[in-house]
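> I'll drop the sequence and a predicted model, then ask my questions.
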Amino acid sequence: MRSISFVVLRERQGRKIQPRPNRVMAGRIRAETRIIYSMLHGAVVTCRTDLPPLHLESSWIEQIKSGLPELPTARRNRFISDYDLTPYTAGVLTADRATADYYEEVFSAGKHASAKQIANWLSGDLFGLLKENNLSIDKLEIAPASFADLISRIEGGEISASSGKVVLEAMFKSNKSPAAIIGDLGLGQISDPVEINSIVTQALEENPQQRELYLKGKSTLLEWFFGQVMRRTRGRADPKLVREALEAQLNG
């Protein structure tokens with residue numbers, strides 16, 4: 001269009017229009033102008049009637065479409081519908097192709113890890129570690145299957161969420177499996193009711209004044225006792241069983 005404009009102006013004004021020197025675009029315009037000018041002054045332009053009309057099969061078009069990468073907006077919408085994620089979380093995960101790919105690889109590898117929990121741990125704790133170490137997710141050495149294994153163990157109750165953070169940090173540094181780290185650090189969750197009852201009994205016996213205040217109506221001390229038990233077990237005790245044991249012994 002720029003070349004045609006040059007020709008029209010040149011014809012109307014009857015003078016030569018000089019493009020700006022030393023510009024790549026100006027050089028291109030001069031070349032295009034010469035071609036169009038020659039076409040307008042004697043060159044014969046004809047249509048190629050010997051070429052057959054071009055018809056594209058719809059199946060071929062769909063095949064080409066299927067080979068194209070998914071656009072971020074389309075992927076975001078799919079994450080919302082397929083994984084039941086919030087628009088915000090889906091937007092965070094699909095803002096970068098490598099992150100979206102990693103998320104879907106983790107989901108595919110995690111038979112017992114929910115889509116929402118994977119998204120929460122990925123966009124929260126794992127993003128935090130990447131930011132602290134100034135790394136992008138494509139440099140991450142934690143395999144999707146290992147990350148999925150960690151989330152499955154947390155959701156399955158093998159370790160607590162707080163212990164999960166410890167395991168994730170150790171995975172980030174050592175690239176060991178969740179099972180190996182849990183074994184090395186002794187982070188397996190205590191879920192034996194008898195063992196938990198025993199720990200609760202010790203906590204109550206060692207704090208008789210607080211127990212007396214609770215019995216007199218200071219109900220907030222229930223949370224204080226809960227914290228005592230969790231500290232004794234380094235966060236490994238099943239929170240639900242701890243509360244049940246405390247309520248049974250304090251109110252029984």
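Yes, it's here. Numbers count the residues shown, from 1 in each chain.
> who's in contact with Ser174?
By CB atoms under 8 Å, 6 or more residues apart in numbering, the residues touching Ser174 are Ile181. Placement of C-beta: from N, CA and C, glycine included.
> Mind pulling up the pLDDT for it?
In the predicted model, Ser174 carries a pLDDT score of 90.
> residues in contact with the most centrally placed residue in the chain?
With distances taken as CA atoms, centre = their mean, the chain has Leu93 as the residue nearest its mean C-alpha position (3.5 Å). Leu93 makes contacts with Phe79, Leu85, Thr99, Ala100, Tyr103, Ala119, Leu122, Ser123, as judged by CB under 8 Å, 6+ apart.
> The residue lying closest to the last one once chain neighbours are set aside: which element?
Meaning Ser123. Once its chain neighbours are removed from consideration, Ser123 has its nearest residue in Val92; the separation is 5.1 Å (CB to CB, 6 or more residues apart in numbering). Assignment of secondary structure by DSSP states H and E places Val92 within helix 87-94.
> which of the residues in that helix are buried?
Using 16 or more other CB atoms under 10 Å as the burial criterion, the residues of helix 87-94 that qualify are Thr89, Ala90, Val92, Leu93, Thr94.
> Quickly note the distance from the third one to Gly124.
By that I understand Val92. Look at Val92 and Gly124: by CB to CB, to the nearest Å, they are 10 Å apart.
> count of residues packed around the residue nearest to Gln117 when sequence neighbours are not counted?
Nearest residue to Gln117, sequence neighbours excluded (CB to CB, 6+ apart): Ile151, at 5.3 Å. With neighbours defined by other CB atoms under 10 Å, the count for Ile151 comes to 23.
> again, but for Pro53
So Pro53, with other CB under 10 Å, has 4 neighbours.
> May I have the one helix or strand Ser81 maps to as CSV, with CA atoms only?
Taking DSSP H and E as the criterion, Ser81 maps to helix 72-83. Backbone C-alpha positions of helix 72-83 (Å, rounded to 0.1, in the frame of the first residue of the first chain) are rendered in CSV as follows:
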residue,chain,number,x,y,z
PRO,A,72,-2.9,-19.3,26.9
THR,A,73,-6.5,-18.1,27.1
ALA,A,74,-7.9,-21.4,25.9
ARG,A,75,-5.7,-23.3,28.3
ARG,A,76,-6.8,-21.1,31.2
ASN,A,77,-10.4,-21.7,30.4
ARG,A,78,-9.8,-25.5,30.2
PHE,A,79,-8.0,-25.5,33.5
ILE,A,80,-11.0,-23.8,35.0
SER,A,81,-13.5,-26.3,33.6
ASP,A,82,-11.4,-29.5,33.7
TYR,A,83,-9.6,-29.0,37.0
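> on that earlier part again, of the buried residues of helix 87-94, closest to Ala237?
Within the buried residues of helix 87-94, proximity to Ala237 (CB to CB) peaks at Thr89, which comes in at 30.5 Å.
> ok, and the closest non-adjacent residue to that closest one?
Distances taken as CB to CB, 6+ apart put Ala119 closest to Thr89, at 5.2 Å, once the chain neighbours are dropped.
> Check whether that neighbour really touches Tyr88, as I assumed.
No: contact between Ala119 and Tyr88 fails when scored by CB atoms under 8 Å: they sit 10.4 Å apart.
> sec struct for Leu56, please.
Here Leu56 takes the coil state, with states given by DSSP: H, G, I helix; E, B strand; the rest coil.
> Low-confidence ranges, the protein, go.
Low-confidence segments of the chain (pLDDT under 70): 1-49.
> what's the domain layout of it?
Recorded structural domains for the chain (assignment: automatic domain parsing) are 2-40, 72-185, 193-251.
> Can you say which of those is nearest to Lys65?
Each of the domains of the chain was scored for nearness to Lys65 using CB to CB, and the closest is domain 72-185 (11.4 Å).
> quick one: that closest one to chain centroid distance?
The chain centroid and the centroid of domain 72-185 are separated by 7 Å under CA atoms, centre = their mean, to the nearest Å.
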